[in-house]
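Student: A predicted structure for the sequence below; I have some questions about it.
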Amino acid sequence: MSQNFNELQKKRRSIYVIGKNVAVNKQEIVELVKNVVRESPSSFNSQSSRVVVLFGDDHEKLWNIALDELRKIVPADAFAATEQKVNGSFKAGFGTVLFFEDQDVVKGLQEKFPTYADNFPVWSEQASGMAQYAVWLALAEKEIGATVQHYNPLIDQAVASTWGIPASWKLRSQMPFGSIEAPAQAKTYMDDDARFKVFLG
(Lines give C-alpha, C1' and ligand atoms only; values in the text may rest on other atoms or scores of the structure.)
Protein backbone atom coordinates (compact mmCIF):
# COMPACT_ATOMS: atom_id res chain seq x y z
CA MET A 1 0.00 0.00 0.00
CA SER A 2 1.42 3.34 -1.01
CA GLN A 3 2.04 5.92 1.71
CA ASN A 4 2.36 9.64 1.42
CA PHE A 5 5.49 11.25 2.82
CA ASN A 6 3.97 12.47 6.08
CA GLU A 7 2.50 9.03 6.80
CA LEU A 8 5.94 7.55 6.27
CA GLN A 9 7.44 10.12 8.64
CA LYS A 10 4.96 9.09 11.32
CA LYS A 11 5.79 5.43 10.70
CA ARG A 12 9.53 6.03 11.26
CA ARG A 13 10.10 5.60 14.96
CA SER A 14 12.87 4.47 17.29
CA ILE A 15 12.23 0.73 17.58
CA TYR A 16 14.12 -0.75 20.51
CA VAL A 17 12.81 -4.31 20.39
CA ILE A 18 14.08 -5.75 17.11
CA GLY A 19 14.70 -9.24 15.82
CA LYS A 20 16.04 -11.18 12.88
CA ASN A 21 12.67 -11.97 11.24
CA VAL A 22 13.14 -9.64 8.29
CA ALA A 23 11.34 -10.57 5.08
CA VAL A 24 13.58 -8.40 2.87
CA ASN A 25 16.76 -10.16 1.74
CA LYS A 26 20.21 -8.79 2.52
CA GLN A 27 21.08 -7.75 -1.03
CA GLU A 28 17.84 -5.80 -1.36
CA ILE A 29 18.63 -3.96 1.87
CA VAL A 30 22.13 -3.18 0.60
CA GLU A 31 20.76 -1.80 -2.67
CA LEU A 32 18.15 0.21 -0.77
CA VAL A 33 20.83 1.80 1.42
CA LYS A 34 23.08 2.52 -1.56
CA ASN A 35 20.30 4.14 -3.56
CA VAL A 36 19.04 6.23 -0.66
CA VAL A 37 22.48 7.54 0.33
CA ARG A 38 23.36 8.18 -3.31
CA GLU A 39 20.34 10.48 -3.63
CA SER A 40 20.79 12.25 -0.27
CA PRO A 41 21.78 15.92 -0.56
CA SER A 42 25.15 17.34 0.45
CA SER A 43 26.73 20.77 0.25
CA PHE A 44 28.46 21.46 -3.07
CA ASN A 45 27.35 17.92 -4.03
CA SER A 46 30.34 16.82 -1.95
CA GLN A 47 28.92 13.31 -1.41
CA SER A 48 30.92 13.09 1.82
CA SER A 49 28.82 10.35 3.43
CA ARG A 50 30.29 6.86 3.63
CA VAL A 51 28.41 3.75 4.71
CA VAL A 52 29.23 0.24 5.92
CA VAL A 53 26.45 -2.36 6.18
CA LEU A 54 26.97 -5.29 8.56
CA PHE A 55 25.02 -8.55 8.70
CA GLY A 56 25.37 -11.84 10.55
CA ASP A 57 28.60 -12.38 12.44
CA ASP A 58 29.87 -8.91 11.49
CA HIS A 59 26.75 -7.26 12.90
CA GLU A 60 27.13 -9.18 16.16
CA LYS A 61 30.86 -8.45 16.27
CA LEU A 62 30.12 -4.71 16.20
CA TRP A 63 27.95 -4.91 19.30
CA ASN A 64 30.46 -7.17 21.04
CA ILE A 65 33.02 -4.43 20.39
CA ALA A 66 30.65 -1.88 21.92
CA LEU A 67 30.22 -4.06 25.00
CA ASP A 68 33.97 -4.57 25.33
CA GLU A 69 34.54 -0.82 25.25
CA LEU A 70 31.63 -0.05 27.55
CA ARG A 71 32.89 -2.58 30.08
CA LYS A 72 35.97 -0.36 30.50
CA ILE A 73 33.96 2.70 31.54
CA VAL A 74 30.65 1.51 32.99
CA PRO A 75 30.67 0.70 36.73
CA ALA A 76 30.56 -3.06 37.33
CA ASP A 77 27.32 -2.85 39.29
CA ALA A 78 25.61 -1.07 36.38
CA PHE A 79 27.01 -3.15 33.54
CA ALA A 80 24.29 -5.82 33.55
CA ALA A 81 21.69 -3.24 32.50
CA THR A 82 24.00 -1.90 29.79
CA GLU A 83 24.65 -5.39 28.48
CA GLN A 84 20.94 -6.18 28.42
CA LYS A 85 20.24 -3.00 26.45
CA VAL A 86 22.96 -3.63 23.86
CA ASN A 87 22.07 -7.31 23.42
CA GLY A 88 18.31 -6.80 23.36
CA SER A 89 17.93 -3.57 21.44
CA PHE A 90 20.86 -3.67 19.01
CA LYS A 91 22.66 -7.01 18.76
CA ALA A 92 19.35 -8.89 18.52
CA GLY A 93 18.64 -7.21 15.20
CA PHE A 94 19.19 -8.31 11.61
CA GLY A 95 22.01 -5.90 10.78
CA THR A 96 23.60 -2.51 11.37
CA VAL A 97 24.33 0.44 9.11
CA LEU A 98 27.42 2.46 10.06
CA PHE A 99 27.47 6.07 8.88
CA PHE A 100 30.76 7.89 8.34
CA GLU A 101 31.81 11.26 6.95
CA ASP A 102 34.96 11.43 4.83
CA GLN A 103 37.15 14.15 6.36
CA ASP A 104 39.39 14.27 3.27
CA VAL A 105 36.37 15.55 1.34
CA VAL A 106 35.71 18.16 4.01
CA LYS A 107 39.34 19.31 4.07
CA GLY A 108 39.46 19.43 0.29
CA LEU A 109 36.46 21.74 0.18
CA GLN A 110 37.95 23.93 2.91
CA GLU A 111 41.09 24.35 0.83
CA LYS A 112 39.20 24.97 -2.40
CA PHE A 113 36.66 27.39 -0.90
CA PRO A 114 38.41 29.07 2.06
CA THR A 115 35.61 31.63 2.46
CA TYR A 116 33.33 28.83 3.67
CA ALA A 117 36.01 26.83 5.50
CA ASP A 118 34.33 27.02 8.91
CA ASN A 119 31.02 25.85 7.46
CA PHE A 120 32.11 22.66 5.72
CA PRO A 121 32.37 20.54 8.90
CA VAL A 122 28.87 21.71 9.85
CA TRP A 123 27.51 21.00 6.38
CA SER A 124 29.12 17.57 6.50
CA GLU A 125 27.21 16.80 9.71
CA GLN A 126 24.01 18.00 8.06
CA ALA A 127 24.65 15.73 5.07
CA SER A 128 25.17 12.80 7.41
CA GLY A 129 21.97 13.56 9.28
CA MET A 130 19.98 13.70 6.07
CA ALA A 131 21.47 10.41 4.85
CA GLN A 132 20.66 8.75 8.17
CA TYR A 133 17.10 10.02 8.16
CA ALA A 134 16.56 8.97 4.55
CA VAL A 135 17.79 5.44 5.25
CA TRP A 136 15.64 5.29 8.37
CA LEU A 137 12.56 6.27 6.36
CA ALA A 138 13.38 3.73 3.66
CA LEU A 139 13.72 0.95 6.24
CA ALA A 140 10.43 1.98 7.86
CA GLU A 141 8.72 1.79 4.49
CA LYS A 142 9.86 -1.87 4.29
CA GLU A 143 8.46 -2.57 7.79
CA ILE A 144 11.98 -2.73 9.24
CA GLY A 145 12.54 -1.14 12.64
CA ALA A 146 15.66 0.84 13.52
CA THR A 147 17.25 3.31 15.92
CA VAL A 148 20.18 5.68 15.63
CA GLN A 149 22.97 5.11 18.17
CA HIS A 150 26.14 7.03 18.97
CA TYR A 151 28.83 4.82 20.47
CA ASN A 152 31.43 6.83 18.61
CA PRO A 153 34.13 7.78 19.39
CA LEU A 154 34.29 4.97 21.98
CA ILE A 155 34.31 2.24 19.31
CA ASP A 156 36.03 4.12 16.48
CA GLN A 157 39.47 2.54 16.70
CA ALA A 158 38.21 -1.02 17.02
CA VAL A 159 35.73 -0.54 14.16
CA ALA A 160 38.43 0.90 11.92
CA SER A 161 40.87 -1.94 12.58
CA THR A 162 38.23 -4.69 12.36
CA TRP A 163 36.75 -3.67 9.02
CA GLY A 164 39.67 -1.82 7.41
CA ILE A 165 38.03 1.60 7.52
CA PRO A 166 40.07 4.37 5.85
CA ALA A 167 41.66 6.80 8.30
CA SER A 168 39.76 9.73 6.79
CA TRP A 169 36.34 8.19 7.52
CA LYS A 170 34.90 9.61 10.76
CA LEU A 171 32.21 7.45 12.37
CA ARG A 172 29.05 9.47 13.05
CA SER A 173 26.39 6.93 14.04
CA GLN A 174 25.27 3.33 14.12
CA MET A 175 21.81 2.19 12.95
CA PRO A 176 20.87 -1.29 14.18
CA PHE A 177 17.81 -2.59 12.33
CA GLY A 178 15.58 -5.64 12.30
CA SER A 179 12.06 -6.96 12.51
CA ILE A 180 9.71 -4.97 14.71
CA GLU A 181 9.11 -7.20 17.74
CA ALA A 182 7.38 -4.51 19.83
CA PRO A 183 5.99 -1.13 18.74
CA ALA A 184 7.41 2.22 19.75
CA GLN A 185 5.78 4.13 22.57
CA ALA A 186 3.30 6.87 21.67
CA LYS A 187 5.03 10.03 20.52
CA THR A 188 4.23 13.35 22.17
CA TYR A 189 4.40 16.70 20.41
CA MET A 190 5.09 20.16 21.76
CA ASP A 191 2.62 22.95 20.96
CA ASP A 192 2.93 24.39 17.47
CA ASP A 193 2.86 27.94 18.88
CA ALA A 194 6.11 27.25 20.73
CA ARG A 195 7.80 25.79 17.67
CA PHE A 196 6.66 27.61 14.55
CA LYS A 197 6.32 31.21 13.39
CA VAL A 198 4.57 31.95 10.11
CA PHE A 199 4.46 35.31 8.30
CA LEU A 200 2.14 35.39 5.33
CA GLY A 201 3.22 38.78 4.01
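Tutor: Ah, there it is.

Student: how about low-confidence regions in the chain?
Tutor: Scanning the chain for pLDDT under 70 picks out 1-2.

Student: what's the single longest helix in it?
Tutor: Secondary structure of the chain per DSSP state H: the longest helix is helix 120-141.

Student: Next, the closest residue to residue 89 other than its chain neighbours: phi, psi?
Tutor: Closest residue in space to residue 89, ignoring its immediate chain neighbours: residue 16 at 4.4 Å, by CB to CB, 6 or more residues apart in numbering. Every residue, glycine included, has its C-beta placed from N, CA and C. Residue 16 adopts backbone torsions of phi -100, psi -10, taken as degrees, to the nearest 10.

Student: quick one: residue 139 and residue 39, what's the gap?
Tutor: 15 Å (CB to CB, to the nearest Å).

Student: oh sorry, the question was meant for residue 26
Tutor: Using CB to CB, residue 26 is found at 21 Å from residue 39.

Student: Those two: which is more packed in?
Tutor: Neighbours were counted for residue 26 and for residue 39 using other CB atoms under 10 Å; residue 26 has more, 13 against 9.

Student: Surely that one is in contact with residue 55?
Tutor: Yes: Residue 26 is in contact with residue 55 according to CB atoms under 8 Å; the separation is 5.4 Å.

Student: Common neighbours of the two, please.
Tutor: Shared contacts of residue 26 and residue 55, defined by CB atoms under 8 Å, 6 or more residues apart in numbering, comprise residue 95.

Student: Show me what the biggest strand by length in the chain is packed up against.
Tutor: As assigned by DSSP state E, the longest strand anywhere in the chain is strand 169-180. Packing partners of strand 169-180 (3 or more CB pairs under 8 Å, 6 or more residues apart in numbering; DSSP states H and E): strand 18-19, helix 56-71, strand 95-102, helix 120-141, strand 144-146, helix 156-163.

Student: Next, the angle from the fourth one to strand 169-180.
Tutor: Looking back up the chat, that one is helix 120-141. Interaxial angle, helix 120-141 versus strand 169-180 (axes from the mean of the first three to the mean of the last three CA atoms, to 10 degrees): 20 degrees.

Student: Identify each buried residue in helix 120-141, please.
Tutor: By neighbour count on 16 or more other CB atoms under 10 Å, the buried set for helix 120-141 is 120-121, 123-124, 127-129, 131-132, 134-140.

Student: quick one: the nearest residue to residue 43 once chain neighbours are set aside from residue 46, how far?
Tutor: Excluding the flanking residues, the one nearest residue 43 by CB to CB, 6+ apart is residue 123, at 3.7 Å. Distance of residue 123 to residue 46, given as CB to CB: 8 Å.
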